[in-house]
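S.K.: Give me a 3D structure for the following:
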Amino acid sequence: MIRNFRRIALSILAISPVVLAGCANGGTMDMENHAMQFSYTTNGGADGSANSYGNNEVTVSGNVLSVQIGDSSNNRNINGIGIYELKLQGENLESAKTLAELLCSPKDPKSDVPVTDLYGARCDGKMRSGFVRDLSRSVAIKIADLVDLLSNAGVQDGRKIVKLDVLLTSIAHAKDGFLVHVRFDNTGDYPIKFKTPDKWDARIGKDIDILGVNGYQTGSHDSKFGLGLAGKLLENSGEFPDGEVSLAPRSSVTFRMKTTSVSKFVAGSYDLHVGVFMNMEVIGTQSSLVRVDFHSDYKNPTRVTFDRDYPSTPQEREQWEAYQRTRLSYFPVNPGEKFAEDGLYRAVRTTGSGAYRSLSCHSRPGTLLRGTT
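M.R.: Residues are numbered from 1 along each chain as shown. You can find the predicted model right below:
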């Protein structure tokens, strides 16, 4: 499932400590006197990665399963974000009962499980909460497998309460860049509110917003395509005078974006998809779908054919060089480090007064930058 729960159970994450008050000792599910109740939550906002991610959650109350997907960026089998609800029965119900029992397992003071995903469960009639890292490794792995199973069941068979998807509808050469049409679809039951992409914060940092198109040449992974749209010109901004969208249930909105933030590519056909990191709000129901990351359907990419290389004109060359200067400025190469890309680099030495001297030099990937004087 999202971020592969088995891998998560053995990798380092961090999450916020907003939990139900609980006890530290193990217990058992009292199914006769209390309805089954538990939750398992990840918190991508603190997982130590370069970007902050959305939250994923599996919750069971009685025989109702709720699955929240706020982070699907690393899962090729799930697209978009959403909340799904499913009535448990058969094997799914038995899996939920087993998971509930495992979450009530005794804590292991010698546990070497680094994961800090959060859980809460009703054990012996009382609510207990804690971190998966408090449980033994064998229990944590079993929990991961069951969370994975129930998450897939909810997404595949559950009713969509909240659902937002993204799709690339067209892309073409245009004057001063590329014109890209990206559509957002709300197929859930509640309105979803977010800023138009031209208002997104594309500055490098943990909370960077991303709206990107990328992919590979059809039938090959040798030639890549990539462009960025967050914070770029919105051609149809007149449709959104306040810079916000309130996307009603069962509706869609298309943004016509123009950009020059495009990587080099060769002519040919490409299978492309959209990737998103953004902030949003679900109107009318309680949800932690605030910071989300997701992608379009990998199984149904948008195929686009380009009849020429990029850049291939003097104007396009200037646009690409300007983009490269901006992009590479975030990744300075210091003396003793190696160049990551082939190109023309400028060595800079600052002085005490803030002035600098520079020297242009051509280097290839892997070349070591030596100190300048």
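
S.K.: Does the closest residue in space to residue 295 that isn't next to it in sequence belong to a helix, a strand or coil?
M.R.: In this structure, residue 295 finds its nearest non-sequential neighbour in residue 275, 4.9 Å apart by CB to CB, 6 or more residues apart in numbering. The C-beta positions use only the backbone N, C-alpha and C, and glycine is treated the same way. Using DSSP: H, G, I helix; E, B strand; the rest coil, the structure places residue 275 in strand.

S.K.: before we move on, what about the one 10 residues further on?
M.R.: The local conformation at residue 285, judged by three-state DSSP, is coil.

S.K.: Now do the contacts for it.
M.R.: 161-162, 190 (CB atoms under 8 Å, 6 or more residues apart in numbering).

S.K.: care to break this structure down by domain?
M.R.: Domains of the chain are assigned by automatic domain parsing as 5-157, 163-306, 332-373.

S.K.: Take the ones you listed and write them to a markdown table, including mean pLDDT.
M.R.: Shown next, in a markdown table, are the domains of the chain (pLDDT from 0 to 100):
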| stretch | mean pLDDT |
| --- | --- |
| domain 5-157 | 79 |
| domain 163-306 | 94 |
| domain 332-373 | 51 |
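
S.K.: any chance of these in CSV, plus distance to residue 313?
M.R.: Shown next, in CSV, are these (distance: least, CB to CB, whole Å):
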stretch, distance to residue 313
domain 5-157, 34
domain 163-306, 10
domain 332-373, 19
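
S.K.: I'd like to know which of those domains lies nearest to residue 325.
M.R.: domain 332-373 (9.3 Å; CB to CB).

S.K.: Pull out the buried residues from the lengthiest strand in the chain.
M.R.: Longest strand in the chain by number of residues, with DSSP state E as the criterion: strand 159-174. Neighbour counts over strand 159-174 (16 or more other CB atoms under 10 Å) mark 161-168, 171 as buried.

S.K.: Which strands or helices does it pack on?
M.R.: strand 81-87, strand 177-186, strand 268-279, strand 291-295, strand 302-306 (3 or more CB pairs under 8 Å, 6 or more residues apart in numbering; DSSP states H and E).

S.K.: now the angle from the first helix or strand past the first one going along the chain to strand 81-87?
M.R.: What that stands for is strand 81-87. Where DSSP states H and E defines the elements, the next helix or strand beyond strand 81-87 is helix 90-103. Following axes from the mean of the first three to the mean of the last three CA atoms, to 10 degrees, one obtains 110 degrees for the angle between helix 90-103 and strand 81-87.

S.K.: Check which helices and strands the following helix or strand past helix 90-103 sits against.
M.R.: For helix 90-103, the following helix or strand on the C-terminal side (DSSP H and E) is strand 118-123. The contact analysis (3+ CB pairs under 8 Å, 6+ apart) places strand 118-123 against strand 37-41, helix 90-103, strand 126-131.

S.K.: So what are the sheet partners of the shortest one and their directions?
M.R.: When you say that, I think you mean strand 37-41. Partners of strand 37-41 in the sheet, by DSSP bridges, are strand 56-61 (antiparallel), strand 118-123 (antiparallel).

S.K.: which ones are touching residue 92?
M.R.: Taking CB under 8 Å, 6+ apart as the criterion, residue 92 is in contact with 65, 86, 149-150, 153.

S.K.: mind checking the SS state of residue 216?
M.R.: strand.

S.K.: my guess is residue 73 contacts residue 296, does it?
M.R.: No - contact status for residue 73 versus residue 296: not in contact, 11.3 Å apart, counting by CB atoms under 8 Å.

S.K.: Which neighbours do these two have in common?
M.R.: Shared contacts of residue 73 and residue 296 (CB under 8 Å, 6+ apart): residue 275.

S.K.: and the helices and strands packed on strand 118-123 as JSON lines, adding distance to residue 217?
M.R.: Formatted as JSON lines, those follow (distance: least, CB to CB, whole Å):
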{"stretch": "strand 37-41", "distance to residue 217": "40"}
{"stretch": "helix 90-103", "distance to residue 217": "41"}
{"stretch": "strand 126-131", "distance to residue 217": "44"}
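
S.K.: how about the residue positioned nearest the centre of the chain, what does it touch?
M.R.: In the chain, the centroid-proximal residue (CA atoms, centre = their mean) is residue 293; its distance is 2.9 Å. Residue 293 makes contact with 44, 51, 53-54, 70-73, 81, 210, 275-278, according to CB under 8 Å, 6+ apart.

S.K.: Check residue 142 too.
M.R.: Counted by CB under 8 Å, 6+ apart, residue 142 has contacts residue 102.

S.K.: Wait, a helix at it?
M.R.: Yes - with three-state DSSP as the criterion, residue 142 is assigned to a helix.

S.K.: how near is residue 224 to residue 208?
M.R.: Using CB to CB, to the nearest Å, residue 224 is found at 21 Å from residue 208.

S.K.: before we move on, what about residue 115?
M.R.: To residue 208, residue 115 is 25 Å away according to CB to CB.

S.K.: so can I have CSV of the helices and strands packed on strand 159-174 showing distance to residue 218?
M.R.: Shown next, in CSV, are the helices and strands packed on strand 159-174 (distance: least, CB to CB, whole Å):
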stretch, distance to residue 218
strand 81-87, 28
strand 177-186, 19
strand 268-279, 4
strand 291-295, 19
strand 302-306, 7
